[in-house]
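what's the 3D shape of this:
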Amino acid sequence: MPPSSSTTPTSAVTSAPLETTQSSAKIPVYWLGHSNSDVFLYREFLPVNGNGDPIQAALMAMTSQKPLDGDYFTPWKKPSKLGASISAKNVITVDISADAFSNDVDEGIARRAIQQLVYTATAAAANAGLIDDNSSIQVVILVDGHTDYEAFGKVPLSGPLVREGSFLAPVWVIDPQEGTRQNSPVKVDGRGISADGQLMWQLLKSDAKGHQSVYLSGSTDISSGSGQLGDFGFTVKPVPGSYELKVYAADPAHPMAKSGVETKKLEVK
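Just a heads-up that it's a prediction; the model follows:
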């Protein structure tokens, strides 16, 4: 399991608003991924398997499926038992079996894994319309029905948990997802944060030998402005071929530096 560089990540994100209602056909799932020298949370939308509880479905996907993006990973094992419920006071209770924690990880990854569960459970509840996205929400994690379990042997689960903004990646692309085939023009959507309220992007084209060169590049504004996590979106019009999309924050003090680099590979038909 990839180690984390620290127990506390260094993201500039300080708040983590809930998702809004999206679609009953897909569920939001958070994964871990490297950005520069740290590890953060990234979100993907996956197809719904079955018609069960959306929170339970999202958590089962998080613990048993593989991310669409090969740059992401999960430290969880598939649990033998998993249940979830939500109270009228906006408290999600997750009861998961101890075998889900059987991977050997360091404390930094363990803390990120717990936040991965918190983010996925709350995102699934908000996405399904089970809670107002302007409300506060807490998550209680039980292990085999009991409180005070030490997750991965490192993190005590002693009380209700909330989203911690510092664990969110500073930049992530929501659409297109990794490895998809797209018609041109391609609409790009995501979330990010930067000091100046802008992100830079490049579309790298691969030749027959797999060598990459910059095909298109530009910048995009973050909807919330400078220093705040917000949405971004732009459209590119490439010719058919294999591409890698790269989105990142620039550092005015170090023009060659790229912060929070996020990449997605795609095929354009």
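
I figured P75 hits D104, correct?
No. P75 lies out of contact with D104 (C-beta atoms under 8 Å); the separation is 9.3 Å. Any C-beta I mention is one placed from the backbone N, CA and C, and that applies to glycine too.

In terms of neighbours, single out the busier of these two.
Neighbours per residue, other C-beta atoms under 10 Å: of P75 and D104, the larger number sits with P75, 23 against 11.

which ones are touching the more buried one?
Shown in contact with P75 (C-beta atoms under 8 Å, 6 or more residues apart in numbering): M1, L32, N103, V105, I109, A110, R112, A113, F152.

go again using 7 Å as the cut-off
When contacts are counted by C-beta atoms under 7 Å, 6 or more residues apart in numbering, P75 touches M1, L32, N103, V105, I109, A113.

Take those and keep only those in helices.
I109, A113 (DSSP state H).

From the contacts of P75, which shows the smallest pLDDT?
For those, the minimum pLDDT belongs to M1; the value there is 64.

Low-confidence stretches in the chain?
Filtered on pLDDT under 70, the chain yields the residue ranges 1-2, 4-5, 10-12, 14-15, 21-24, 50-51, 133.

the helices in it, which residues?
Under the criterion DSSP H, the chain carries helices at the ranges 54-64, 107-127.

T7 is nearest to which of those helices?
Between T7 and these, the shortest gap by C-beta to C-beta is with helix 107-127, which sits at 4.8 Å.

so how far is stretch 29-46 from its chain's centroid?
Between the centre of stretch 29-46 and the centre of its chain there are 4 Å (C-alpha atoms, centre = their mean, to the nearest Å).

List the buried residues of that stretch.
29-35, 38-46 (16 or more other C-beta atoms under 10 Å).

Give me the subset of the residues you listed that lies in strands.
Using DSSP state E, the members of the buried residues of stretch 29-46 that fall within strands are 29-35, 38-46.

Residue nearest the middle of the protein, spatially speaking?
Against the mean C-alpha coordinate of the chain, by C-alpha atoms, centre = their mean, the closest residue is Y42 at 1.7 Å.

what sits against that residue?
With the criterion set at C-beta under 7 Å, 6+ apart, Y42 makes contact with Y30, W31, G33, Y72, A169, W172.

In terms of distance to K246, which of those ranks first?
Sorting the contacts of Y42 by distance to K246 puts W172 at the head of the list, at 12.4 Å, by C-beta to C-beta.

Any idea how far the lengthiest strand in the chain is from the middle of the chain?
Ranked by residue count under DSSP E, the longest strand found in the chain is strand 254-268. Here the centre of mass of C-alpha atoms in strand 254-268, compared against the chain's by C-alpha atoms, centre = their mean, lies 16 Å away.

And stretch 78-94, by the same measure?
On C-alpha atoms, centre = their mean, the centre of stretch 78-94 falls 20 Å from the chain's centre.

Could you dump the contacts of Y42 into TSV and include distance to P252?
Below are the contacts of Y42 laid out as TSV (distance: C-beta to C-beta, whole Å):
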residue	distance to P252
Y30	30
W31	30
G33	25
Y72	29
A169	21
W172	22
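
and which of those residues is nearest A195?
In terms of C-beta to C-beta, no member of these lies closer to A195 than A169, at 16.1 Å.

wait, what's in contact with that closest one?
The neighbourhood of A169, defined by C-beta under 7 Å, 6+ apart, consists of S11, G33, S35, F40, L41, Y42, G260.

try 10 Å this time
When the contact criterion is C-beta atoms under 10 Å, 6 or more residues apart in numbering, the partners of A169 are 9, 11, 13, 30-35, 38-43, 72, 190-193, 229, 260, 262.
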